[in-house]
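K.L.:
pasting the sequence and the predicted model now:
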Amino acid sequence: NEYKSYLRMDTDADTIKLVPCIDSKKKEERILARRGRIEKRNRNAKNQGKPKDKNEEKKEEDKDTAKSRHQIEMSRQRIEKLRYDGTELVTNVGVAAMAREDARKVGEEDLNKVRQEKLEAEIKASMERFEEITKRWDSANGLKIPQHLGEMMMSQRDLIDSMIAEKDKIIQEFQLELKAKDDQYVKDLKKQAEDVDLIVERMNAQIKNLMKAYREELTKIDQAFESERMEMLDKHRKDWNSLSKQRSDNEIHYLEEGENRVENFANQLEHLRVQDAEEYNMVKIKLETDVQVLEQQLQAMRATYQLNSEKLDYNFTVLKKREEENTITKSQQKRKITRLQDTLNNLRMKLTKQERQFRDDNQALADDYKRITDQFRELQKKSKHFQATDTRKFIEIWLMNEQEAIEYAQQILDEDKIIHNQQLGLEWEPPVSLDILEGEGRPPLTAGPSQNESSATSLIRSARSAADEIIRTTSGSDLQASKTTVYGEGTQHHPILIKSVLELLSGEADFLVEKKLVHLLAPLEHDERLLMKLDSIFKAIGVETEDDINKLTEYFLRPDEKNPKEMVLIHPNQVLKAIRLFVANNFIPTKTSPLLKQPSDINDKALKRNSEQDANYWNKLANILPDVNERKWNALYSGLQKYYSVLTQRSKLIEETEKLQNQNSELRMLLQQYVGSRVNQDLQIPPTHTIPNDVLRSYARD
């Protein structure tokens with residue numbers, strides 16, 4: 001019986017089992033019983049509102065929306081077909097132009113081959129004639145008669161003139177071909193302009209056709225959706241009526257269940273009353289016992305109170321004496337406070353005077369700051385002008401030196417070719433780095449990505465200048481630009497949006513500004529104060545250029561919840577997190593503190609070009625002659641030096657021989673006079689007897 005008092009049988013399920021009852025004496029079982037009853041109620045309500053078959057409902061929904069989806073698919077196919085046909089129609093012009101260009105390139109290759117063969121044949125014939133002319137020069141050394149030598153010179157001149165005439169003829173042919181190429185280029189330009197006009201015309205026609213097709217298909221889709229809407233309204237109206245009827249039936253059923261539940265609760269309440277009466281008697285007995293214990297404790301507390309009262313009387317006497325001493329000390333402190341109050345008043349008067357003086361100084365410094373700022377802007381403009389001028393002069397000097405170096409390199413290559421062909425008798429091969437003479441490998445002459453000289457005048461504005469311009473252009477504007485649409489990377493944001501970001505940064509990151517600067521900026525206007533605070537904040541987080549401001553703006557935007565394509569400003573509580581993320585991703589520490597950088601450093605950095613490749617380029621241009629050819633030159637030079645020394649010695653020997661011949665002829669004349677003199681007949685021993693016989697024989701031969 002006790003077991004059945006707090007357990008009952010669950011007959012709602014298919015099987016019979018014992019479950020906890022709410023009338024149980026145990027608290028845990030009553031909680032379990034209430035929890036099970038709530039779960040059962042929720043399960044019944046869920047089963048009543050749940051459809052019997054989800055697949056059938058899904059099939060009905062697919063059937064309802066089949067018409068609109070079919071219309072959308074047909075419209076999509078038609079639009080895709082129109083777009084494909086239009087694209088093919090537009091690209092046919094480009095395909096035809098590419099085909100013509102391919103045919104032109106093939107013809108140009110054939111002409112180049114014929115031209116190369118002609119040049120090779122002419123070079124071969126010229127070399128043969130040159131060898132023939134060279135051989136005739138060798139044979140000219142044996143000619144002693146001037147007439148023969150003159151005839152030979154005239155024939156050599158005729159051969160040279162004929163060779164030069166053939167070269168001039170080839171040059172004239174190449175010039176005619178070049179003129180024909182120029183005419184063909186003009187025709188190609190005209191044809192290209194006609195193709196562009198045709199493409200534009202076809203594209204305009206295709207756009208009109210697509211717009212017309214879009215309108216027609218959109219109308220059809222709207223009609224399909226409208227018909228589906230009417231059908232779905234009728235269906236849902238019928239479902240609503242059936243559900244309303246079912247709800248009224250459920251309410252009647254729930255009302256009957258509520259009456260039965262009230263009767264059950266009344267019985268449980270009576271049972272609880274009896275149980276609470278028994279518990280009340282037990283608690284009453286327990287409390288009476290506690291009262292007796294507390295009375296005994298009260299007697300003990302009274303004895304303790306008597307002892308404490310005597311102690312307090314003694315302490316009161318001691319404290320009264322101390323109070324008299326404190327009264328004397330208080331009077332002394334009051335006199336001291338009076339003296340300090342006078343000193344404080346004097347200091348306040350001095351502070352007022354100093355504040356007035358500091359305010360006047362601050363106003364004067366503000367005026368000086370505005371004047372210096374205007375002077376600095378004017379100086380920046382002049383600096384930009386001179387920087388652009390210096391860059392242009394650098395480019396002109398570079399091109400002049402490069403042209404001179406290329407001419408020297410070309411002269412070296414021509415001399416190398418002559419040395420190989422004429423002096424060494426070898427076939428000359430052009431160097432691998434010959435393309436550098438045509439400008440290949442030249443480093444960029446400007447700091448920007450473009451190679452045009454006009455890019456030398458493009459300057460990167462500093463962050464302060466950009467912020468100043470944005471604040472001045474958007475001051476007094478009532479537009480709201482808290483949202484922006486994302487089109488792609490590198491999109492320039494609206495100035496009003498950037499100003500909103502700068503104001504948010506100035507308001508939430510004022511801890512980056514020194515307190516002294518904040519007090520000095522208080523008398524200034526709003527825009528000037530905002531600009532000065534932003535300048536200090538930019539230096540602290542490393543924002544230097546206008547591009548850095550655009551990057552910083554990206555960190556202060558987030559996608560809109562309603563329209564993900566639009567970006568909105570972040571919450572002010574997230575500003576510190578955005579600043580940390582920006583500094584972590586973009587700040588690069590250097591030896592120089594960002595607080596010490598000036599805007600002019602940013603401009604110098606913007607125009608500073610990368611000169612790391614200059615030395616490599618000039619070295620390549622200076623060393624265009626290969627090392628192998630240079631060694632050949634050195635070997636030829638050493639051989640020619642030896643040959644020159646031999647020729648020099650030979651020249652000296654020839655001069656000495658000529659001098660000895662002159663001396664010999666003079667001595668022969670003296671000897672002849674000495675031997676043929678008449679005085680020798682009067683001498684006993686004439687000189688002819690003392691002269692050797694070989695000398696006399698040679699003299700006789702002469």
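P.N.:
On my side now, so go ahead. Numbers count the residues shown, from 1 in each chain.
K.L.:
where does pLDDT dip in the stretch 501-650 of the chain?
P.N.:
587-610 (pLDDT under 70).
K.L.:
can you map out the helices along it?
P.N.:
515-521, 526-541, 546-555, 575-586, 599-607, 612-622, 627-675 (DSSP state H, counting those that start in this stretch).
K.L.:
wait, which of the ones you listed is closest to residue 291?
P.N.:
With CB to CB as the criterion, residue 291 lies closest to helix 575-586 of the helices of the stretch 501-650 of the chain, at 63.9 Å. Any C-beta I mention is one placed from the backbone N, CA and C, and that applies to glycine too.
K.L.:
on contacts alone, who are the packing partners of that closest one?
P.N.:
With contacts taken as 3 or more CB pairs under 8 Å, 6 or more residues apart in numbering; DSSP states H and E, helix 575-586 sits against helix 495-508, helix 526-541, helix 546-555.
K.L.:
now the helices of the stretch 501-650 of the chain as a markdown table including distance to residue 310 and mean neighbour count?
P.N.:
As requested, those are exported to a markdown table (distance: least, CB to CB, whole Å; neighbours: other CB atoms under 10 Å):
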| stretch | distance to residue 310 | mean neighbour count |
| --- | --- | --- |
| helix 515-521 | 61 | 13 |
| helix 526-541 | 71 | 19 |
| helix 546-555 | 76 | 19 |
| helix 575-586 | 65 | 14 |
| helix 599-607 | 85 | 17 |
| helix 612-622 | 99 | 13 |
| helix 627-675 | 119 | 11 |
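K.L.:
now the ones you listed in CSV, with distance to residue 347?
P.N.:
Formatted as CSV, the helices of the stretch 501-650 of the chain follow (distance: least, CB to CB, whole Å):
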stretch, distance to residue 347
helix 515-521, 20
helix 526-541, 30
helix 546-555, 46
helix 575-586, 39
helix 599-607, 43
helix 612-622, 64
helix 627-675, 87
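K.L.:
among those helices, which comes closest to residue 89?
P.N.:
Using CB to CB, the nearest of the helices of the stretch 501-650 of the chain to residue 89 is helix 546-555, at 40.8 Å.
K.L.:
run through the neighbouring helices and strands of that closest one.
P.N.:
Other helices and strands packing on helix 546-555, by 3+ CB pairs under 8 Å, 6+ apart, are helix 463-474, helix 495-508, helix 575-586.
K.L.:
report the buried residues of the second one.
P.N.:
Residues of helix 495-508 classed as buried by neighbour count (16 or more other CB atoms under 10 Å): 495-502, 504-506.
K.L.:
again, but for stretch 172-179
P.N.:
Quick answer for stretch 172-179: no buried residues (16+ other CB under 10 Å).
K.L.:
could I get the helices and strands packed on helix 546-555 as a markdown table with distance to residue 72?
P.N.:
Converted to a markdown table, the helices and strands packed on helix 546-555 look like this (distance: least, CB to CB, whole Å):
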| stretch | distance to residue 72 |
| --- | --- |
| helix 463-474 | 44 |
| helix 495-508 | 37 |
| helix 575-586 | 42 |
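K.L.:
any idea which of these gets closest to residue 342?
P.N.:
helix 495-508 (43.5 Å).
K.L.:
quick one, the helix or strand hosting residue 149 and helix 627-675 angle?
P.N.:
Assigned by DSSP states H and E, residue 149 belongs to helix 146-418. Calculated by axes from the mean of the first three to the mean of the last three CA atoms, to 10 degrees, helix 146-418 forms an angle of 150 degrees with helix 627-675.
K.L.:
what's the pLDDT at residue 4?
P.N.:
Residue 4 carries a pLDDT score of 39 in this model.
K.L.:
dump stretch 295-315 to PDB, restricted to CA.
P.N.:
This file holds the C-alpha atoms of stretch 295-315, laid out as PDB (Å, rounded to 0.1, in the frame of the first residue of the first chain):
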ATOM      1  CA  GLU A 295      16.900  31.400  28.900                       C
ATOM      2  CA  GLN A 296      19.900  29.700  30.400                       C
ATOM      3  CA  GLN A 297      22.100  31.500  27.900                       C
ATOM      4  CA  LEU A 298      20.400  34.800  28.900                       C
ATOM      5  CA  GLN A 299      21.500  34.500  32.500                       C
ATOM      6  CA  ALA A 300      25.000  33.900  31.400                       C
ATOM      7  CA  MET A 301      24.900  37.000  29.200                       C
ATOM      8  CA  ARG A 302      23.600  39.200  32.100                       C
ATOM      9  CA  ALA A 303      26.700  38.300  34.200                       C
ATOM     10  CA  THR A 304      28.900  39.100  31.200                       C
ATOM     11  CA  TYR A 305      27.100  42.500  30.800                       C
ATOM     12  CA  GLN A 306      27.800  43.500  34.400                       C
ATOM     13  CA  LEU A 307      31.500  42.900  33.900                       C
ATOM     14  CA  ASN A 308      31.500  44.800  30.600                       C
ATOM     15  CA  SER A 309      29.700  47.800  32.200                       C
ATOM     16  CA  GLU A 310      32.500  48.200  34.800                       C
ATOM     17  CA  LYS A 311      35.100  48.100  32.000                       C
ATOM     18  CA  LEU A 312      33.200  50.700  30.000                       C
ATOM     19  CA  ASP A 313      33.100  53.100  32.900                       C
ATOM     20  CA  TYR A 314      36.900  53.000  33.300                       C
ATOM     21  CA  ASN A 315      37.300  53.500  29.500                       C
END
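K.L.:
check the offset of that stretch from the chain's centre.
P.N.:
Chain-centre distance of stretch 295-315: 87 Å, with CA atoms, centre = their mean, to the nearest Å.
K.L.:
quick check: mean pLDDT across it?
P.N.:
On average, stretch 295-315 scores 86.
K.L.:
quick one: contacts of it?
P.N.:
Stretch 295-315 is contacted by no other residue when judged by CB atoms under 8 Å, 6 or more residues apart in numbering.
K.L.:
give the buried residues for that stretch.
P.N.:
Within stretch 295-315, judged by 16+ other CB under 10 Å, no residue is buried.
K.L.:
do you know how far the residue lying closest to residue 625 once chain neighbours are set aside is from residue 429?
P.N.:
Residue nearest to residue 625 in three dimensions, not counting chain neighbours: residue 412, with 5.7 Å by CB to CB, 6 or more residues apart in numbering. Distance, residue 412 to residue 429, by CB to CB, to the nearest Å: 15 Å.
K.L.:
with neighbour numbers in mind, choose between those two.
P.N.:
residue 412 (15 against 11; other CB atoms under 10 Å).
K.L.:
was I right about that one contacting residue 622?
P.N.:
No - here residue 412 does not reach residue 622: they are 9.8 Å apart, not a contact under CB atoms under 8 Å.
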